[in-house]
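Visitor: 3D model of this:
(one chain, ligands or ions: 1)
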Amino acid sequence: MSESLSRRTLLEAGAAALGVAALTRTSALPAQAAPQAAVPFAAPPMEEVRIGFVGVGGQGTSHVENLVTMPGVRIVAVCDIDALHAANAAKIITAAGQAPPSLYTRGPTDFLRLCETEDLDLVFTATPWEWHVPVCVAAMRHGKHAATEVPAAVTLEECWQLVEEAEKHRKHCVMMENCNYDRMELMVLNLVRQGVFGEILHAEGGYLHDLREVKFAREGEGLWRRAHATRRNGNLYPTHGLGPVANCLNINRGDSFAFLVSMSGPSRGLQDYAREHFPPDAPERKETYVLGDVNQSLIKTANGRTLLVGHDTNLPRPYSRIHQVQGTRGLFQGYPSRVYVEGRSPEHQWETPDKYLPEFEHPLWRFDQAKNATTGHGGMDFLEDWRLIKCLREGLPTDMNVYDAAALSSVTPLSEWSVANGSRPIDFPDFTRGRWQTTPPWGIVEA
Ligand SMILES: NC(=O)c1ccc[n+]([C@@H]2O[C@H](COP(=O)([O-])OP(=O)(O)OC[C@H]3O[C@@H](n4cnc5c(N)ncnc54)[C@H](O)[C@@H]3O)[C@@H](O)[C@H]2O)c1
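Guide: Numbering: from 1, shown residues only. Modelled structure (predicted):
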């Protein structure tokens, strides 16, 4: 038995014992199925995109604010368990000159009634993580495209569910990874596409954001996000750091995630914060957390390249997504942004990105509406919403598809498994069932 075979067999046995059933799905496929040229899924074009929005808290409201400014968009229904949030979104929608949306506020599964009742093209959700898949699945089963905030799914089973429902119903299921559209990320993609860094060999990304105050707030994400830290240990939020660099490595489009190993360190930040900010009898003081404050997950790709993904949200620190892309001729590193290109930069010295922007600015960032966008993380959210609507209206494949949603989101359950198993490697499922080999790379798209 070869080393890799014995490792896979071992892992599958371990995974099965842990209920990671989805791993075995790829092995049930014909072993030698020849890859066919993959044509990315596109739906028929539509004049107008009628949207039902589920979950209009912080991030959902920001999407609503963007979407109501776009031609060919109508938000016809809004669902939230908090009637005040739904009413606030309705106010934004009517202030933009649209008809008042139908409101669905009868509890946590009222999105089912929305999906059953409303004539919609797209259901867009920005609910807490555990609701993303139920909402997307309900949408697709009722003939609507789905878009979800990040991460798209929490478990491997859920990742497969998104893939299988999207394929079965022939619907888009897009994970809205806004960081793919940030200015530096798109400039770097353009540099990569133009070969400036040579052959890309390694990348790093992460979500390094002191969220202690947010997690302990008695509103918004404080109502649900901290709870994950009481029962889960791994990389709980991988997609912001990983999405943009995965695009530079053509993940799902010429390369794919093969396996990962993951390590979490001690859990201190939330305990310390609770002790320092709440009286001894507060319920927060009775919570215990298992989420290691710093998680590092290392991914090997099918083509032998490496990606390091960090998660660090419980400690005092300035914000960073790392954003490193490295090739045979040079590299980019974020936070702060800097570039080194052999033969172009002064030897062994970083350059600032303003030396590259005039020549390599991505066309999306030459678009005035993005530069002037005032809501949504400085314009990147506007661009991701704009591109989704454009692709739907023009009948184009979406920039990111259900396979990206599944692959990027699967880092979380795989990292949890690896952390729980002495950081042993674990294989990624191939959600594309081999089509990653022949799917064309994401090009340099226009607004
Ligand atoms: N891409 C980004 O930059 C970014 C930024 C923030 C949050 N997010 C993501 O957006 C999602 C929402 O985060 P947020 O910060 O807006 O949280 P939030 O708590 O502010 O908003 C969540 C909203 O969903 C509602 N809700 C909860 N359960 C529901 C259900 N079953 N049905 C309908 N509505 C329900 C809540 O009442 C609330 O209005 C999360 O997945 C988060 O990871 C992404």
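
Visitor: quick check: residues of this protein near the ligand?
Guide: 54-60, 79-82, 85, 108, 111, 126-129, 131, 149-150, 178, 220-221, 223, 377 (Cβ under 6 Å from any ligand atom). In short, each C-beta sits where N, CA and C put it, glycine included.

Visitor: whichever of those residues end up buried, select them in ChimeraX.
Guide: Selecting only the buried entries of the residues of the chain next to the ligand in ChimeraX, with 16 or more other Cβ atoms under 10 Å as the criterion:
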select :54,55,56,57,59,60,79,80,81,85,111,126,127,128,129,131,149,150,178,221
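
Visitor: in strands, which of the residues of the chain next to the ligand appear?
Guide: 54, 79 (DSSP state E).

Visitor: out of the residues of the chain next to the ligand, list just those in helices.
Guide: If you go by DSSP state H, the residues of the chain next to the ligand have 58-60, 85, 111 in helices.

Visitor: spatially nearest residue to G343 (excluding sequence neighbours)?
Guide: Of all residues not flanking G343 in the chain, R329 sits nearest, at 7.6 Å (Cβ to Cβ, 6 or more residues apart in numbering).

Visitor: scratch that, H145 is what I was asking about
Guide: Here the residue nearest H145, using Cβ to Cβ, 6+ apart, is H172, at 4.2 Å.

Visitor: and the one you found, what is it in contact with?
Guide: Applying Cβ atoms under 8 Å, 6 or more residues apart in numbering to H172 gives the contacts 41, 43, 145-147, 166, 392, 398, 401-402.

Visitor: ok, and the most crowded of these?
Guide: Within the contacts of H172, most neighbours by other Cβ atoms under 10 Å means A146, with 31 neighbours.

Visitor: the closest residue in space to it that isn't next to it in sequence: neighbouring residues, count only.
Guide: Counting by Cβ to Cβ, 6+ apart, A146 lies nearest to C136, which is 3.8 Å off, once chain neighbours are set aside. Around C136 there are 34 other residues, counting by other Cβ under 10 Å.

Visitor: circling back: the residue nearest to G343 reaches V339, doesn't it?
Guide: No: between R329 and V339 there is no contact under Cβ atoms under 8 Å: 11.3 Å.

Visitor: compare neighbour counts for the two and give me the winner.
Guide: Between R329 and V339, counting by other Cβ under 10 Å, V339 is the more crowded of the two (24 against 16).

Visitor: which residues does the helix or strand hosting the more buried one contact?
Guide: Of the helices and strands defined by DSSP states H and E, V339 is found in strand 338-341. In this structure, residues lying in contact with strand 338-341 by Cβ under 8 Å, 6+ apart are 191, 196-197, 329-332, 345, 349-353, 355-356.
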